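Engineer: Here is a sequence with its predicted model. Questions after.
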Amino acid sequence: MAVPSTDLHLIRAARRVFTGPATLLDDPDQRARSARYLADLTHPYGLELPDGPGQEALGRSHAEMAEALIGALVPPEEPVDLLVLAFARHDVLPGRATATYLSHLCPGTPLSFAVCDQGPAAVVSGLRLAHAYASPGDRTTALLIAVDQAVLPYRTPPPAPARQQAVAMLYRTAPAEGAVPEHTGDVVRAPARMTVLRQHPDVAAGDVAALAGSELAALSAGRPDARMVLGVDLAAAWPAHPTDGVTVAPPGQPVTGPWWTLLDVLAADPDRSRPVLTADYDPDLRYLCLTGWETTPADTRPR
């Protein structure tokens, strides 16, 4: 008897660039309370907040970005079992338990986690959580939301992302039926099965090129049609990386950039079945992360 699969299948995704301040900060009283709260948090670390006007320039909160994508991606009749929020930079409203708040908004009131302090590796760690949570024989649904926060009222050591954007990806342990790759507004349908999920910790900068090269060569062996998405930091640490069939994610979006790009690659050439690989490296935390995906031709998907 075959063991039921716990493979994760990407069903559909949503993504959006956000502009303007957090809606809650439109209220002067809320803005003042937020400024006092942030001042108390940052003062012990010698960080100064701007005085008076200027809080209006704060970025969008993680919750607002995620809420918008949940509304676009998950209809009420499709309950979610697990929600994971992945981010690298602080929220403009750090006093809120954002993952719990999002669970309340999401159909199914799913179990929720926040993954942070892992830099660009946060999304892959979220995928590991989703894969571990999936139950054989059950139709498990997991929602993974990645956010990049571009504007904070105080300085942080890493460069800020270029813009505020979020990517939400809906996964199930069963493939999408009758799905055809397409873009409809914020929603991207790019059905694919995740075949590889690897994280290598503590990889020195001098070793990353050799390890990434050997891993990607092994994963794509025998498939000249394989496509790759490389994070910008990995591309910088691996100057001699292959270029044929390779797309480098745009700079400035450390958490969301590779996944935004992956959706475009998965949705391309919908009539072909082919493997797609992603690889990214964080030079500060020294994580090398890889994922593999298998697309299915649109005309052979189950209906």
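Structural biologist: Perfect, I can see it now.

Engineer: Might you list the low-confidence residue ranges for the stretch 1-150 of the chain?
Structural biologist: Along the stretch 1-150 of the chain, the parts satisfying pLDDT under 70 run over 1-6, 50-58, 136-137.

Engineer: where do the strands sit along the stretch 51-200 of the chain?
Structural biologist: Secondary structure of the stretch 51-200 of the chain (DSSP state E, counting those that start in this stretch): strands located at 82-86, 111-115, 141-148, 164-172, 182-184, 187-189, 192-200.

Engineer: helices or strands up against the fifth one?
Structural biologist: Meaning strand 182-184. Here strand 182-184 touches strand 187-189, going by 3 or more C-beta pairs under 8 Å, 6 or more residues apart in numbering; DSSP states H and E. Just so you know, the C-beta spots here come from the backbone N, C-alpha and C atoms, and that holds for glycine as well.

Engineer: Note down every partner strand of the strand it packs on and its orientation.
Structural biologist: Applying DSSP bridges to the sheet, strand 187-189 is found paired with strand 9-18 (antiparallel), strand 182-184 (antiparallel).

Engineer: Burial-wise, tell me which of the ones you listed comes out on top.
Structural biologist: strand 9-18 (a mean of 21; mean count of other C-beta atoms under 10 Å).

Engineer: and the next element down the chain from that strand?
Structural biologist: Later in the chain than strand 9-18, the nearest helix or strand by DSSP states H and E is helix 28-42.

Engineer: ok, now which ones touch residue 78?
Structural biologist: Applying C-beta atoms under 8 Å, 6 or more residues apart in numbering, one finds that residue 78 lies in contact with 107, 108, 141.

Engineer: now with 6 Å?
Structural biologist: By C-beta atoms under 6 Å, 6 or more residues apart in numbering, residue 78 lies in contact with nothing.

Engineer: before we move on, what about the one 3 residues further on?
Structural biologist: Contacts were defined as C-beta under 6 Å, 6+ apart; by that measure residue 81 touches 110, 140, 141.

Engineer: what about the most centrally placed residue in the chain, distance to residue 122?
Structural biologist: Central residue of the chain (C-alpha atoms, centre = their mean): residue 146, 3.4 Å from the mean position. Using C-beta to C-beta, to the nearest Å, residue 146 is found at 7 Å from residue 122.

Engineer: So for the two, which residues contact both of them?
Structural biologist: Taking C-beta under 6 Å, 6+ apart as the contact rule, residue 146 and residue 122 both touch residue 86.

Engineer: Do I have it right that residue 146 meets residue 85?
Structural biologist: No: checked against C-beta atoms under 6 Å, the pair residue 146 and residue 85 is beyond contact range at 8.1 Å.

Engineer: Which of the strands of the stretch 51-200 of the chain sits closest to residue 295?
Structural biologist: strand 192-200 (5.0 Å; C-beta to C-beta).

Engineer: For the helix or strand following the closest one, what is the distance to the chain centroid?
Structural biologist: Per DSSP H and E, the first helix or strand lying C-terminal to strand 192-200 is helix 205-219. Centroid displacement of helix 205-219 relative to its chain, using C-alpha atoms, centre = their mean, to the nearest Å, is 22 Å.

Engineer: Please apply the same query to stretch 34-43.
Structural biologist: Relative to its chain's centre, stretch 34-43 lies at 28 Å (C-alpha atoms, centre = their mean).

Engineer: Using PDB, write out every CA atom in it.
Structural biologist: Output of stretch 34-43 as PDB, limited to C-alpha atoms (Å, rounded to 0.1, in the frame of the first residue of the first chain):
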ATOM      1  CA  SER A  34       3.300  54.300  18.400                       C
ATOM      2  CA  ALA A  35       6.100  56.900  18.600                       C
ATOM      3  CA  ARG A  36       6.200  56.700  22.400                       C
ATOM      4  CA  TYR A  37       6.200  52.900  22.300                       C
ATOM      5  CA  LEU A  38       9.100  52.800  19.700                       C
ATOM      6  CA  ALA A  39      11.000  55.500  21.600                       C
ATOM      7  CA  ASP A  40      10.900  53.300  24.800                       C
ATOM      8  CA  LEU A  41      12.100  50.300  22.800                       C
ATOM      9  CA  THR A  42      14.900  52.000  20.900                       C
ATOM     10  CA  HIS A  43      16.300  54.300  23.700                       C
END
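
Engineer: what comes up buried for stretch 21-34?
Structural biologist: Neighbour counts over stretch 21-34 (16 or more other C-beta atoms under 10 Å) mark 21, 22, 24, 25, 31, 34 as buried.

Engineer: Show the contacting residues for the third one.
Structural biologist: Neighbouring residues of residue 24 by C-beta under 6 Å, 6+ apart: residue 30.
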